[in-house]
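Undergrad: Have a look at this prediction, sequence included:
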Amino acid sequence: MWQYEKKLEYPVNIKNPNPALAKVIISQLGGPDGELGAAMRYLNQRYSAPCREVQAILNDIGTEELAHMEIVSAILYQLTRNLSIKEIKESGFDTYFVDHTTGIYPIAASGVPFTASIFQSTGDAIADMNEDLAAEQKARVTYDNILRLADDPDVRDPIKFLRQREIVHYQRFGEGLRMIQDMLDSKNFYAFNPEFDKK
Amino acid sequence: MATEKQRLMRKVQAEQFAVVEANLYLDSHPTCRNGLEYFETHKAAYEAAVKEYEEKYGPITLAGADCSKRWEWTSTPFPWERGES
């Protein structure tokens, strides 16, 4: 189970609203490489993972991703405070506003709503770990692109923190993959699936 | 300018970050003596910082709330508000 802690993992205090920037950052909430998908990917994959260490990596990184969802959402919330209709129209935020006002709803920057089809839980630890490694790199790229688009230091600071976490998670998943491969037949990693086949 | 409350929250966040980072590291290095020592040190510092924050500014977890007279959980803002993290 989980218990809520009434704090953010990293501070978010944004002085200047900027709905146009919110419209691109929202991809890291509900987009193809966003934090919601990351949390769901790892928290679903963890049950059948073949050893406790890899279960722990998936469990604990999946949990941290929930905290990252909250950081991204706090950024979106603060970027869309106290907007006038003029600002909403001129920033292009009107296409989001019409459906969601300034509520937080998980979509990609393109407007596509969050979908579970952006991640897998294959029941095969090698396939899952490789997906997880790729997922961390893809999220890192998205944060790099947000940093190209965002000038406001109040926004860049928490985005840089989130980007850095992708790199650490990538490292941990790499160690998870190595542990799984060490458990397998070194002549053929695919000789059996440790999550399904009985040796 | 950060308020005193924010300065204390920063201490909580910094210590918790050390704990989270050590947690993930130890998941894949469960026998690392240095890692275990680092975890224990920062866990203690984190718990002390949380206790100090909760005594002064209200609950971070429900376990830290004093609900003997009123429901303290709803008496403090949520952290996504500007100035609350």
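TA: Good, I have the coordinates. Numbering: from 1, shown residues only, chains lettered A, B, ... in the order given.
Undergrad: where along chain B do the helices fall?
TA: Listed in chain order, the helices of chain B (DSSP state H) span B:4-28, B:33-57.
Undergrad: My error: substitute chain A in the last question.
TA: So, for chain A - with DSSP H - the helices run A:19-25, A:27-30, A:35-45, A:52-79, A:85-91, A:94-100, A:125-149, A:153-183.
Undergrad: Ok, which of the ones you listed comes nearest B:E4?
TA: helix A:153-183 (20.6 Å; Cβ to Cβ). (C-beta placed from N, C-alpha, C; glycine too.)
Undergrad: Now B:A65. Nearest residue, chain neighbours left out?
TA: B:P59 (3.6 Å; Cβ to Cβ, 6 or more residues apart in numbering or on different chains).
Undergrad: Also A:E87?
TA: Per Cβ to Cβ, 6+ apart, closest to A:E87 is A:P19, 6.5 Å.
Undergrad: and the one you found, how far is that from A:E65?
TA: Distance from A:P19 to A:E65, counting by Cβ to Cβ, to the nearest Å: 25 Å.
Undergrad: Compare neighbour counts for the two and give me the winner.
TA: Regarding A:P19 and A:E65, a neighbour count based on other Cβ atoms under 10 Å in any protein chain shown identifies A:E65 as having more, with 24 against 21.
Undergrad: how much space between the more buried one and chain B?
TA: 12 Å (Cβ to the nearest Cβ, to the nearest Å).
Undergrad: Hmm, that residue is touching A:E35, no?
TA: Yes. Counting by Cβ atoms under 8 Å, A:E35 is a contact partner of A:E65 at 5.3 Å.
Undergrad: Could you check how far the residue nearest in space to the middle of chain A is from A:E136?
TA: Nearest to the mean C-alpha position of chain A, counting by Cα atoms, centre = their mean, stands A:E35 at 1.9 Å. Distance, A:E35 to A:E136, by Cβ to Cβ: 12 Å.
Undergrad: pLDDT weak spots in chain A?
TA: Applying pLDDT under 70 to chain A flags residues A:199.
Undergrad: what does chain A put close to chain B?
TA: For chain A, the contact set with chain B under Cβ under 8 Å from any Cβ of the partner chain comprises A:3-15, A:53, A:56-57, A:60-61, A:64, A:70, A:73-74, A:77-78, A:81, A:168-169, A:172, A:175-176, A:179.
Undergrad: Go ahead and build a PyMOL selection from the buried members of these.
TA: A single PyMOL command selects the buried members of the residues of chain A next to chain B (16 or more other Cβ atoms under 10 Å in any protein chain shown):
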select buried, chain A and resi 5+6+7+8+9+10+11+12+13+14+53+56+57+60+61+64+70+73+74+77+78+168+169+172+175+176+179
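Undergrad: Please name the nearest non-neighbouring residue to residue 16.
TA: No chain was given, so I picked chain A. Nearest one to A:N16, counting by Cβ to Cβ, 6+ apart, is A:D152 at 6.3 Å.
Undergrad: meant chain B, my bad for not saying
TA: B:Y46 (5.3 Å).
Undergrad: Over to B:S28?
TA: A:E175 (3.8 Å).
Undergrad: Spit out the contact partners of the one you found.
TA: A:I57, B:S28, B:H29 (Cβ atoms under 8 Å, 6 or more residues apart in numbering or on different chains).
Undergrad: Quick one: these as a markdown table, columns for distance to B:E40 too.
TA: Output for the contacts of A:E175, formatted as a markdown table (distance: Cβ to Cβ, whole Å):
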| residue | distance to B:E40 |
| --- | --- |
| A:I57 | 21 |
| B:S28 | 18 |
| B:H29 | 15 |
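Undergrad: residue ranges with poor pLDDT in chain B?
TA: In chain B, residues with pLDDT under 70: B:1.
Undergrad: Show me what from it comes close to chain A.
TA: B:6, B:9-10, B:12-13, B:16-17, B:20-21, B:23-25, B:27-30, B:59-63, B:73, B:76, B:78-80, B:82-83, B:85.
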